[in-house]
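# sequence-free structure coming up:
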């Protein structure tokens, strides 16, 4: 498992065969992985073959899987919340933003 989705990135953990991990869609060719101990990183998508329907782990392929869509929506919500927070902070600090009423 790598720190970044890059072949030259440093390794942060080793995933053993049959180890239960959570996966989320990542950049093309990679999945974001979280181990049971909470270590997060990236691994090649082809290391996680597609799971049959009904399995508990998230699909490495993403796209139409409900868990993948939920993860995407959560990410978008978090990004939106962060953007609103930044705009409010800059408006309060006189950073050139003016909030509309």
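Structure's in. What do you need? If you're wondering where the values come from, they're calculated on a predicted model, not measured in any experiment.

# for residue 4, what are its contacts?
Contact analysis of residue 4 by C-beta atoms under 8 Å, 6 or more residues apart in numbering lists residue 42. Every C-beta, even on glycine, is put in place using the N, C-alpha and C of the backbone.

# Can you report phi and psi for residue 4?
Note on residue 4: backbone dihedrals following degrees, to the nearest 10 are phi -130, psi 160.

# if I look at it, how far off is residue 28?
Using C-beta to C-beta, to the nearest Å, we find residue 4 at a distance of 14 Å from residue 28.

# And residue 19, by the same measure?
Distance from residue 19 to residue 28, by C-beta to C-beta: 24 Å.

# got it, and residue 76?
Taking C-beta to C-beta, one finds residue 76 at 19 Å from residue 28.

# quick one, which of those two is more surrounded?
Between residue 76 and residue 28, counted using other C-beta atoms under 10 Å, residue 76 has the larger neighbour count: 10 against 7.

# Remind me which helix or strand the more buried one belongs to.
Per DSSP states H and E: residue 76 is located in helix 66-92.

# For residue 1, give its distance to residue 46.
Between residue 1 and residue 46 the computed distance is 14 Å (C-beta to C-beta).

# before we move on, what about residue 38?
Using C-beta to C-beta, one gets 25 Å for the distance from residue 38 to residue 46.

# the more surrounded of these two?
For residue 38 versus residue 46, the count of surrounding residues by other C-beta under 10 Å is larger for residue 46: 10 against 6.

# The more buried one belongs to a helix?
Yes: per DSSP: H, G, I helix; E, B strand; the rest coil, residue 46 lies within a helix segment.

# Residue 88 - how many residues pack around it?
Count around residue 88 with other C-beta under 10 Å applied: 12.

# for residue 35, same thing?
For residue 35, the neighbour count with other C-beta under 10 Å is 18.

# Could you find the closest non-adjacent residue to residue 40?
Distances taken as C-beta to C-beta, 6 or more residues apart in numbering place residue 34 nearest to residue 40, at 4.8 Å, with adjacent residues excluded.
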